[in-house]
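Novice: coordinates for the following, if possible.
(one chain, ligands or ions: 2)
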Amino acid sequence: MPRHFAIVPAAGSGSRFGAGLPKQYLSLAGRPLIHHTLLALCRSPHIARVLVVLAPDDRHWAGHDWRDLGPKLETVYAGGATRAESVLAGLRALETSAADDDWVLVHDAARPCLSQAMLDALVDELAGDPVGGLLAVPVADTLKRQDDDGRVAATEPRDGLWQAQTPQMFRHAPLLAALEAAAAVTDEAGAIETLGLRPKLVRGDASNLKVTFPADLALAELILFARRER
Ligand SMILES: Nc1ccn([C@@H]2O[C@H](COP(=O)(O)OP(=O)(O)OP(=O)(O)O)[C@@H](O)[C@H]2O)c(=O)n1
Ligand SMILES: C[C@](O)(CO)[C@H](O)COP(=O)(O)O
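Specialist: Numbers count the residues shown, from 1 in each chain. Ligands and ions are numbered 1, 2, ... in the order given. The predicted structure follows:
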């Protein structure tokens, strides 16, 4: 039976957020943001190991206590200049222990609201899949293309368009090969697509947001508090 490993790229600087420290260490509901992300993965019975890819010069991780996340958690200080390079470093770190067909779930450190239900849906729907896939949500809003003056140049059809989320789940060997060969991709599915393969879209929901701008942090906190009150 293939195992499931998680890789969490956490070597970004959070430039669009613009805080004094990388956004994964900002306080969210009383914990560093990334703690919520890792808790969702570490508590899942599907996942055998959780590898966090930190920047080589990360000064924040060691200042927190992560012991409550349990024995599945590991770190590697090997992040790169791009998200794809950080994920690649994680895949290489797993190379000696992962079999070619073991599954790897890549999940952004900056998505702290992943629910167990979404994680279960991803793992269950892809269990027998030959390619793998990703959580995603259908585009809900009308799409506008802007012109050079910041005005609407066109209204674009949204039929068949989805917004990619994470986790993105692919087998270790093809994902490693795809990322090693791909020039510039912003997600794992993009790398797998360059092999001519078609990742499966597994419907997630909007609560699995990526904290990118300051307003996202407040929204993430509301989502986490609302879950606690249920
Ligand atoms: N060189 C990089 C860049 C990004 N990431 C990680 O990839 C995820 C998604 O990236 P993004 O939201 O773009 O994070 P940042 O790069 O930190 O933000 P920004 O682009 O605003 O600088 C984050 O968990 C981030 O830490 C990474 O591991 N290594
Ligand atoms: C992987 C991702 O979160 C899917 O939406 C996204 O592509 C990351 O992109 P970013 O440019 O690093 O924010």
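Novice: give me the below-cutoff pLDDT ranges for the chain.
Specialist: Low-confidence segments of the chain (pLDDT under 70): 230.
Novice: do a quick rundown of the strands in the protein.
Specialist: All strands of the chain, identified by DSSP state E, fall at 4-10, 27-28, 31-32, 49-54, 73-77, 103-106, 132-138, 143-146, 152-156, 162-171, 200-203.
Novice: quick one, longest helix in the chain?
Specialist: Once the chain is assigned using DSSP state H, the helix that runs over the most residues is helix 214-229.
Novice: returning to what we had before: mind checking which of the strands of the chain is nearest ligand 1?
Specialist: Among these, strand 4-10 comes nearest to ligand 1, with 3.1 Å by CB to the nearest ligand atom. The way it works is simple: take the backbone N, C-alpha and C, and place the C-beta from them, glycine included.
Novice: near ligand 2, anything from that closest one?
Specialist: No - Strand 4-10 does not reach ligand 2 (CB under 6 Å from any ligand atom); its nearest approach is 8.6 Å.
Novice: can you list contacts of that strand?
Specialist: Contacts to strand 4-10, defined as CB atoms under 8 Å, 6 or more residues apart in numbering, come from residues 22, 24, 34, 37-38, 41, 46-55, 79, 83, 86-87, 90-91, 94, 98, 102-109, 123, 167, 169, 172.
Novice: the inter-axis angle of that strand versus strand 49-54?
Specialist: For strand 4-10 against strand 49-54, the angle by axes from the mean of the first three to the mean of the last three CA atoms, to 10 degrees is 20 degrees.
Novice: chain center to strand 4-10: distance?
Specialist: Counting by CA atoms, centre = their mean, to the nearest Å, strand 4-10 is centred 8 Å from the centre of its parent chain.
Novice: and Ser97, how many neighbours?
Specialist: The local packing of Ser97 (other CB atoms under 10 Å) involves 12 other residues.
Novice: got phi/psi on it?
Specialist: phi -110, psi -20 (degrees, to the nearest 10).
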